[in-house]
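> whatever this is, show me its structure:
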Amino acid sequence: MTEQLAQQLRLWAEHYNNRELFLANDPVQVPSRYRDTSLQDLEISAFLTAYLSFGNRKQIVKTALRLDEMMHHQPLHYVLSGRWEKDFRPDDTTSFYRTVSHRAMNALFAILYDIYDLIGNMQDAMWSVPPCSAENLPFHNLCHLFGVSDKSPQKKLNMFLRWMVRTDGIVDFGAWRNFSPADLIIPLDTHVAQMACKLGLVPSQTYTLNTAKNITRSLAEVFPGDPCLGDFALFGYGVEND
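Down below sits the predicted model:
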C-alpha cells in the first residue's frame, strides 16, 4: 500500500468517524440511545439492530425503532418478561422485516433470554462457550454463542462487535473491554467490498470471510491495533459517493 493511499484512508476515517455526521443516517443511532444506560440494554438494542441491518438504511432504522417501541424502550425487561413469546410466535412464518420472520425473531429472543437469565450479560456469555476456532477471536465466540457459521463473513455480527469493542467512544461504544479492537474483523458489506477492490486492497469483490480478513489485514497497516477504524473510511466514503 502506498503512503498516499494510507493517508487518504486516514483522512476519510477521521471525517466519517463523526458522531453527528454518522448517527444521522446509520442504524447505530438506535442503540446509541442506551449508550449511558445499562450494559444489558445497550447489548440487546445493539445486537437486535445489527441483526436487522441489511437493505436500505432508512428502512433498517425505521424497523429498529419499531422494535424498540415494542420493547417499551426497556430491552432487558422485555427479554426477561417473555412478552416476545406473544409478539413473535414460533408458528408465525410471516415477515417481520424483509426475510426475517416472526418465527426467526422468536428463536433469537429465546437465545437472548437464556443469556440474560442464566449469565447476566452477553460479554460474559461469550466467554462461557468453548471457542470454535483456534484463532479465538470475538467473532468466532459470538458465532458459536448464537449457533451460526463462522465460515462466512457475517457482516451483521462483525458490525455489532465493532460497535461494542472499539474504544474511541465517538460512534462506537467501547462497552466491552474484555476484547481488543485489534482482533475485530471488518463488517463486509457492498460498499466496503467495492471500495476495497477499487483501491486495490483486495484483488476481487467477493463476499467471503477470507476477503473480510484480507481487507482487515490491509487496514491494520494503516490503523495499527484498530483496523476497523478503516470501516469508516471505506463504508463512509462508499455510501456518500454511491
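> switch to C-alpha atoms for all contacts and neighbour counts from now on
Will do.
> phi and psi next, for S95.
phi -80, psi 140 (degrees, to the nearest 10).
> and it, how far from Y113?
22 Å (Cα to Cα, to the nearest Å).
> tell me where the model's unsure across the protein.
The model of the chain has pLDDT under 70 over residues 130-136, 242.
> which parts of it are helices?
Along the chain, counting by DSSP state H, helices occupy 3-16, 19-23, 39-51, 57-70, 75-81, 84-87, 102-118, 122-126, 138-146, 155-165, 190-198, 209-222, 230-231, 237-240.
> can I get those in JSON lines with distance to P31?
Shown next, in JSON lines, are these (distance: least, Cα to Cα, whole Å):
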{"stretch": "helix 3-16", "distance to P31": "19"}
{"stretch": "helix 19-23", "distance to P31": "10"}
{"stretch": "helix 39-51", "distance to P31": "5"}
{"stretch": "helix 57-70", "distance to P31": "9"}
{"stretch": "helix 75-81", "distance to P31": "10"}
{"stretch": "helix 84-87", "distance to P31": "19"}
{"stretch": "helix 102-118", "distance to P31": "16"}
{"stretch": "helix 122-126", "distance to P31": "15"}
{"stretch": "helix 138-146", "distance to P31": "19"}
{"stretch": "helix 155-165", "distance to P31": "9"}
{"stretch": "helix 190-198", "distance to P31": "22"}
{"stretch": "helix 209-222", "distance to P31": "25"}
{"stretch": "helix 230-231", "distance to P31": "19"}
{"stretch": "helix 237-240", "distance to P31": "21"}
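> for V171, which of those is the nearest?
Ranking the helices of the chain by proximity to V171 (Cα to Cα) places helix 19-23 first, at 5.0 Å.
> contacting residues around that closest one?
Contacts of helix 19-23 with the rest of the structure, by Cα atoms under 8 Å, 6 or more residues apart in numbering, involve Y16, Q29, I170, V171.
> do I have it right that R10 meets P224?
No - judged on Cα atoms under 8 Å, R10 makes no contact with P224 at a distance of 11.6 Å.
> now do the same contact list for I185.
By Cα under 8 Å, 6+ apart, I185 lies in contact with F139, N158, A212, K213, T216, P227, C228.
> repeat that for D91.
Counting by Cα under 8 Å, 6+ apart, the residues that D91 touches are R103.
> what about I111, neighbour count?
Using other Cα atoms under 10 Å, I111 is surrounded by 15 other residues.
> for it, what are its contacts?
I111 neighbours (Cα under 8 Å, 6+ apart): F146.
> redo the contacts of I185 as TSV? Include distance to M164.
What follows is those, written out as TSV (distance: Cα to Cα, whole Å):
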residue	distance to M164
F139	12
N158	10
A212	19
K213	19
T216	17
P227	15
C228	12
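> got a winner among those residues for most neighbours?
Counting neighbours by other Cα under 10 Å, C228 comes out on top of those with 28 neighbours.
> returning to that earlier point: and the furthest pair within the contacts of I185?
It's F139 and P227 that sit farthest apart of those, by Cα to Cα, at 14.4 Å.
> most tightly surrounded among the helices of the chain?
Most buried of the helices of the chain by mean neighbour count (mean count of other Cα atoms under 10 Å) is helix 230-231; its value is a mean of 26.
> now do that helix: which elements does it pack against?
Packed against helix 230-231 by the contact rule (3 or more Cα pairs under 8 Å, 6 or more residues apart in numbering; DSSP states H and E) you find helix 3-16.
> tell me what the helix it packs on is packed against?
Judged by 3+ Cα pairs under 8 Å, 6+ apart, the packing partners of helix 3-16 are helix 209-222, helix 230-231.
> next one: the longest one to chain centre, how far?
Helix 209-222 has its average C-alpha position 17 Å from the chain's average C-alpha position, going by Cα atoms, centre = their mean, to the nearest Å.
> many thanks, I have nothing further to ask.
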